[in-house]
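**Student:** Got a sequence here, can you build the structure:
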Amino acid sequence: MRCCFFSPGYKSLEVLSGDTRSTGGAEAQIAYLAATLVHLGHDTSLIYGEGQGRAEQQKVADVTCINAAPLWRRPSSVMRFWQVLDSLSPDLLYARLPSDFLWMMGLFAKYRQHTKFLYAIADDRHCNPWQVYRDVPNTWFHGAAYALGLRSADVIAIQHGGQLSLVSEHLQKRLVHVPNLVRSFHEAPRVYEKTIYDGIWIATMRPEKQVEEFLALAQANPDLRFAIVGGFFSDLSVEYNRALEGRIRSLGNIEYLGPRRAPEVLDLLSQSKVLVNTSLAEGFPNTMLEAWSVGVPVVSLSVDPGGVIHREKIGLVSGTSVDLQRDVRLLACTEELNRKLGDCGLNYVRRQHSLDAVLKAFACVLSGSEFTSPASDMP
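**Tutor:** A predicted model of the protein is given here:
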């Protein structure tokens, strides 16, 4: 099978190269899937870049990586993108990030009978084209281009059952559940007694991640020990990031560890009693899956992908800042409950996010089956 992944920018390429320090979950999942499929013997390529490349190719982790992502400001790059698609002639076209050029992939698939275009929703807000580009110029144009891209997809992959109701009704019959891939699992949950941190927070410090909630948590629990993993958001002012860094360092019970590569993140999770998520919105956070893969329960302020945390009993969803502080203390200090929820988390990812589960979903997509609702992870 010939598979082509589309990931504008350079972050998926960085993940394939082994650098995951500044990568979002969507770019990481693209790279993980590409590397896995090539390992299984499929002819796999990745189109990346920012419109400046001339279709230069390189092999990274055995994936053919081509610098040919298009950009409106460079009209020749749009034609080059089409030419690269034509030369690859993939059976599966896969995209996971909003782009003005998804419609081109759908158009290409329409005229190639053997090609299917799968677009995977990476964030709950991406279910609605008019919520994706709220903070950029020409929102109307980018939103319309993204809406056209969604309509052009043969299949739209959702991460959890909650996204089913967020996608427009006229696209419902194209939906399929494709779980995020967890690449490895511990044989048993990490040992509670050997943990160092009572709570750990992992993300790039974007406004929507609300790291301030985690700082308030640490300030309200001075007897507990916390850690932050991730970099500062470059789009924010230098002054704002300096002030945020100063506040982090002023709290004596927080250790700021900066951006870390994937193996280091797993090691740090294994040294933690609880993963704390304070985001306003997510899709299905990779950090949650990584925590459960080593038997660490999650305490989330508000995000519960498809209700999985509550349903599978793999953590707590607090709802308010005060309850977040209470719930983190409860799970950090109650060993029996921590172990129980950690065991459930490890069992959950083994069952629902293994390579077998992901490949089964892809096999259904390529078989031409119709999808009216996600097959698994539904209440």
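**Student:** quick check: mean pLDDT across stretch 127-135?
**Tutor:** Averaging pLDDT along stretch 127-135 yields 88.
**Student:** Sorry, slip of the keys, the one I care about is stretch 10-22.
**Tutor:** For stretch 10-22, the mean confidence score works out to 93.
**Student:** Stretch 359-371 too?
**Tutor:** Stretch 359-371 shows a mean pLDDT of 69.
**Student:** Low-confidence ranges, the stretch 251-379 of the chain, go.
**Tutor:** 368-379 (pLDDT under 70).
**Student:** Which stretches in it count as helices?
**Tutor:** 262-270, 286-293, 308-312, 321-333, 335-352, 355-367 (DSSP state H, counting those that start in this stretch).
**Student:** neighbouring contacts of the last one?
**Tutor:** Around helix 355-367, the neighbours that count as contacts under CB atoms under 8 Å, 6 or more residues apart in numbering are 1, 33, 36, 40, 91-92, 116, 118, 155, 157, 176-181, 183, 351, 371, 375-376. C-beta coordinates here come from the backbone N, C-alpha and C atoms, glycine included.
**Student:** In strands only, show me those residues.
**Tutor:** When DSSP state E defines the strands, the subset of the contacts of helix 355-367 inside them is L92, K116, L118, V155, A157, V176, H177.
**Student:** Turn the residues you listed into a markdown table, columns for neighbour count and distance to C65.
**Tutor:** What follows is these, written out as a markdown table (neighbours: other CB atoms under 10 Å; distance: CB to CB, whole Å):
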| residue | neighbour count | distance to C65 |
| --- | --- | --- |
| L92 | 23 | 17 |
| K116 | 18 | 22 |
| L118 | 24 | 19 |
| V155 | 23 | 24 |
| A157 | 24 | 22 |
| V176 | 21 | 27 |
| H177 | 23 | 28 |
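**Student:** residues touching L330, list them.
**Tutor:** Contacts of L330 (CB under 8 Å, 6+ apart): L316, L337.
**Student:** Give the full set of residues in contact with Y348.
**Tutor:** Neighbouring residues of Y348 by CB under 8 Å, 6+ apart: W292, V308, E312, I314.
**Student:** what's the neighbour count on the residue lying closest to the first one once chain neighbours are set aside?
**Tutor:** Setting aside the residues directly before and after it, W292 is nearest to G345 in space (CB to CB, 6 or more residues apart in numbering), at 3.3 Å. Applying the criterion other CB atoms under 10 Å, we find 28 residues in the vicinity of G345.
**Student:** try the one 10 residues further on
**Tutor:** L355 has 16 neighbours, counted by other CB under 10 Å.
**Student:** now swap in the one 4 residues further on and tell me
**Tutor:** Each residue near L359 was counted by other CB under 10 Å, and the total is 14.
**Student:** Determine the three-state secondary structure at the residue located most distally from the centre of the chain.
**Tutor:** Here the chain reaches farthest from its C-alpha mean at D223, the gap being 32.5 Å by CA atoms, centre = their mean. At D223 the chain is in coil, as set by DSSP: H, G, I helix; E, B strand; the rest coil.
**Student:** any idea how far the closest residue to it other than its chain neighbours lies from F226?
**Tutor:** Among residues not flanking D223 along the chain, N253 sits closest, at 7.7 Å (CB to CB, 6+ apart). Counting by CB to CB, to the nearest Å, the gap from N253 to F226 is 6 Å.
**Student:** neighbour-wise, which of these two wins?
**Tutor:** Looking at N253 and F226 with other CB under 10 Å, you find the greater number of neighbours at F226, namely 26 against 16.
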